[in-house]
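A.B. asks: Model the following, please.
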Amino acid sequence: MTAPQHTPKVSEREARQVAEAAREQDWRKPSFAKELFLGRLRLDLIHPHPQPAPEDVERGEAFLAKMRDFCETRVDGRLIERQSQIPDEVVNGLKELGAFGMKIDTKYGGQGLTQVYYNKALTLAGSASPAIGALLSAHQSIGVPQPLKLFGTQEQKDAFLPRCARTDISAFLLTEPDVGSDPARLATAAVPDGEDTYVLDGVKLWTTNGVVADLLVVMARVPKSEGHKGGITAFVVEADSPGVTVENRNAFMGLRGIENGVTRFHQVRVPAANRIGPEGSGLKIALTTLNTGRLSLPAMCVGGGKWALKIAREWAGVREQWGRPVARHEAVGAKISFIAATTFALEAMTDLSAQMADENRNDIRIEAALAKLYGSEMGWLMTDELVQIRGGRGFETADSLAARGERAVPAEQMLRDMRINRIFEGSTEIMHLLIAREAVDAHLSVAGDLIDPDKSLQDKAKAGVGAAGFYAKWLPKLVAGPGQLPSAYSEFGPLAQHLRYAERAARKLARSTFYAMSRWQGRMETKQGFLGRIVDIGAELFAMSAACVRAEHLRAAGENGREAVQLADTFCRQSRIRVEELFTRLWSNTDDLDRKVVDEVLAGAYTWLEEGVIDPSDDGAWIADATPGPAKRDNVHRPIR
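C.D. replies: Coordinates of the predicted model:
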């Protein structure tokens, strides 16, 4: 079935141009991860490990204590799972606690927590109920508070932030039934009506918090006209405005308590005063918001890893097979070691990125994206390993376990809940492309015109001169470095060897990127398999560096230093094996063959292979019709009172 005809038709090139225009073009501050992809291990940017201010620690620890007490005494995760809904009294309790204002400044009634302590609070809340973690994160990481903090006027902050801190729930609305990670095709329209009003029409899909929200951040396309620049623009919309209808509350594999829906706008009048930033700046606002907003996801994956480690330790120590605890069998023990080491590294990666975000001295757009990518992938793997360690009990529900007299361990629920993180706020595949674009930014800045088919010969000649100068200075530095000196990074003791490896691998990564650009030039952007592996290598090197820096900090501070060094050492050894495999797969892979098979699949050459099964899905449309117009369904909007 064809896509709804109202969706704008854009070429691949036009779509890329829209995405490129939304990027932050400049690098005004240093970035550890950006330097890593250029072959430079700038350890000075992350070591010594940055530390929060004492007053931030005091405020954060005080709130964490209250959050822990609330989660332990008033949150029943199994009840939320059974009822597929967070009880109103729990939501209201979170409001009273101030949990909806964790990141909002105290002058607006918020808690004024740093990113570090906001993450810790989400780790805690998400472990009690992942649905609560999603509720709080969607409200503050991508909902109204964050874009207003960064781009709102003082009048907007005064009007909306106090509400968001205490009483109102917010949601972020970008995705549409036929528009996901390609915003160039955004169809929801915001048509100017006079000087002080816009009229919204369109349909938004997967609106996390949308079913219960009081305030919405809506991305809509303003048509270009006299006096209006036009373009994708962000608005704050009152959820109870006439013409706003929540047409469906969506249900999912996991996170069954989230209030996620389909929201229709029909002739919804929005004051121009509610526009965030100028017209056409909506995507830039969204991407900038996500630079730190993405850190909430790895924070909750850290929580999943911590819980998986606890259950694995307790269960594998008492469950016996063949005369000894299963943890003592190497096949199971290796899984426990992976969970422990990876949890340590993921927490190091997330905390380091969050602290750098708080200090605002580094550009952390790549670090945050890497933490989200790595956290979601590793969080899923750790949870899957826990289910395997638990065996049949891992596949059994907590309620079923309890009904027959065993501890109610919701491992299968955790697996279902964790799965969405590989899709939320940028799927793994999209994150690969987004990070890869930033990783090759330096190359495109000096040599982009050389591979741009639309550039003139004069432009290409000029770019060639600039590129020659850049590479003449840069390439020789990739030949040798500190990683080849046995005494380098000696202050890290037994972990120095891993930092030397990371330095050597960073230079190899940069050389590989250069070779690929030389080989494929303008076709580089089509080599998504290669780019994904480049990014995955960078993620591993960032994780290794963060783990070593955190372990050294804990050792110097006398806080479980021996154990931290052991975990960091184990993680780095595991990571190095993965890195070597990824380097091999850069050039030895089945990418070309895979493309040929895909062509054959789409041409119907293998339909015979599909025979012999029953397709349980129905014959409905692949993509629901999202034609603008009045709602034809009842409004299921359910504000919490």
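A.B. asks: those strands in the stretch 201-350 of the chain, which residues are they?
C.D. replies: In the stretch 201-350 of the chain, the segments counted as strands under DSSP state E, counting those that start in this stretch are 215-222, 231-238, 244-249, 260-271, 275-276, 320-321, 324-325.
A.B. asks: chain center to the second one, what's the gap?
C.D. replies: Mean C-alpha position of strand 231-238 versus that of the full chain (Cα atoms, centre = their mean, to the nearest Å) differs by 22 Å.
A.B. asks: what's the answer for the last one, then?
C.D. replies: Put simply, strand 324-325 sits 39 Å off its chain's centre (Cα atoms, centre = their mean).
A.B. asks: Just the pLDDT for Glu385.
C.D. replies: The model reports Glu385 with a pLDDT of 98.
A.B. asks: if we can go back for a sec, just the strands of the stretch 201-350 of the chain: most buried one?
C.D. replies: Of all these, strand 215-222 has the most neighbours on average by mean count of other Cβ atoms under 10 Å, namely a mean of 25. Any C-beta I mention is one placed from the backbone N, CA and C, and that applies to glycine too.
A.B. asks: on that earlier part again, possible to save the strands of the stretch 201-350 of the chain as CSV with mean pLDDT?
C.D. replies: Converted to CSV, the strands of the stretch 201-350 of the chain look like this (pLDDT from 0 to 100):
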stretch, mean pLDDT
strand 215-222, 97
strand 231-238, 97
strand 244-249, 98
strand 260-271, 98
strand 275-276, 98
strand 320-321, 85
strand 324-325, 90
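A.B. asks: Mind checking those for the one nearest to Cys71?
C.D. replies: The closest of these to Cys71 is strand 260-271. By Cβ to Cβ, the value is 21.9 Å.
A.B. asks: partner strands of the closest one, parallel or antiparallel?
C.D. replies: Taking DSSP bridges as the criterion, strand 260-271 pairs within the sheet with strand 197-208 (antiparallel), strand 244-249 (antiparallel).
A.B. asks: Format those strands as a markdown table; extra columns: distance to Val90.
C.D. replies: Shown next, in a markdown table, are the strands paired with strand 260-271 (distance: least, Cβ to Cβ, whole Å):
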| stretch | distance to Val90 |
| --- | --- |
| strand 197-208 | 17 |
| strand 244-249 | 18 |
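A.B. asks: a helix runs through Gln25, doesn't it?
C.D. replies: No - counting by DSSP: H, G, I helix; E, B strand; the rest coil, Gln25 is not part of a helix but coil.
A.B. asks: before we move on, back to that, tell me which of the strands of the stretch 201-350 of the chain lies nearest to Asp178.
C.D. replies: Of all the strands of the stretch 201-350 of the chain, strand 260-271 comes closest under Cβ to Cβ, at 12.8 Å.
A.B. asks: Distance from the chain centre to the closest one, please.
C.D. replies: 26 Å.
A.B. asks: do stretch 495-504 as well
C.D. replies: 27 Å.
A.B. asks: what do you get for stretch 129-143?
C.D. replies: 13 Å.
A.B. asks: do stretch 60-68 as well
C.D. replies: 25 Å.
A.B. asks: neighbouring contacts of that stretch?
C.D. replies: Outside of stretch 60-68, the residues within contact range by Cβ atoms under 8 Å, 6 or more residues apart in numbering are 52, 97-99, 102, 111, 113-114, 116-117, 120-121, 124-125.
A.B. asks: out of those residues, who has the most neighbours?
C.D. replies: Ala125 (28 neighbours; other Cβ atoms under 10 Å).
A.B. asks: show me what contacts that one?
C.D. replies: By Cβ under 8 Å, 6+ apart, Ala125 lies in contact with Met67, Cys71, Ala99, Ile132, Gly133, Leu136.
A.B. asks: If we only consider these, which is nearest to Lys335?
C.D. replies: Of the contacts of Ala125, the one sitting nearest to Lys335 (Cβ to Cβ) turns out to be Gly133, at 24.7 Å.
A.B. asks: measure that closest one to Asn274 for me?
C.D. replies: 28 Å (Cβ to Cβ, to the nearest Å).
A.B. asks: Equivalent analysis for Glu195, please.
C.D. replies: Where Asn274 is concerned, Glu195 sits at a distance of 14 Å (Cβ to Cβ).
A.B. asks: swap in Ile86?
C.D. replies: 28 Å.
A.B. asks: just Pro52 next, same as before
C.D. replies: Taking Cβ to Cβ, one finds Pro52 at 34 Å from Asn274.
A.B. asks: Could you do Arg313 as well?
C.D. replies: To Asn274, Arg313 is 51 Å away according to Cβ to Cβ.
A.B. asks: Of those two, which one has the most company?
C.D. replies: Neighbour totals were compared for Arg313 and Asn274, and Asn274 leads with 19 against 14 (other Cβ under 10 Å).
A.B. asks: measure that one to Leu45 for me?
C.D. replies: Separation of Asn274 from Leu45 (Cβ to Cβ) stands at 39 Å.
A.B. asks: cool, Glu396 as well?
C.D. replies: Look at Glu396 and Leu45: by Cβ to Cβ, they are 47 Å apart.
A.B. asks: for Ala312, same thing?
C.D. replies: According to Cβ to Cβ, Ala312 stands 34 Å off from Leu45.
A.B. asks: When the two are compared, which one has more neighbours?
C.D. replies: Ala312 (25 against 21).
A.B. asks: All set now, cheers.
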